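K.L.:
heads up, no residue letters with this:
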């Protein structure tokens, strides 16, 4: 019965129902890097998870695998270590910080590779 009341009274906002999500500027920064890596053939797919405490942008190399990288936004850590982090497939945190553009610089190093001429 309580669930039906919540649906009928959509003007009320419960603080417990709030979720964390990336805003337009943050998604623009992420998609800028994502587009470059797709053009290089490194990445193929992505997924976005919006949860209560964290929002995750998952990056996939192939369509049916586990994500190779996850860009996480955790506002609870904003005053501590920084709300943005890049997590690798094995769970290592590659970079963490307060500014998303600085955290995403970890991917700029990946685009430069030394190719041996045969």
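P.N.:
Sure, I can see it. All of these numbers come straight from a predicted model, not from anything done at the bench.

K.L.:
Name the SS class of residue 29, please.
P.N.:
Applying DSSP: H, G, I helix; E, B strand; the rest coil to residue 29 yields a three-state assignment of helix.

K.L.:
Around it, how many other residues sit close by?
P.N.:
Neighbours of residue 29 under the rule other Cβ atoms under 10 Å: 17. C-beta: built from backbone N, CA, C; applies to glycine.

K.L.:
would you list every one of the strands in the chain?
P.N.:
Along the chain, counting by DSSP state E, strands occupy 45-50, 55-60, 69-73, 84-88, 93-97.

K.L.:
List of residues touching the fourth one?
P.N.:
Applying Cβ atoms under 8 Å, 6 or more residues apart in numbering, the contact partners of strand 84-88 are 68-74, 93-100, 103-104, 106-107.

K.L.:
From the residues you listed, list the buried ones, please.
P.N.:
For the contacts of strand 84-88, burial is judged from neighbour counts taken by 16 or more other Cβ atoms under 10 Å, and it is met by 69-74, 96-97, 100, 103-104, 106-107.
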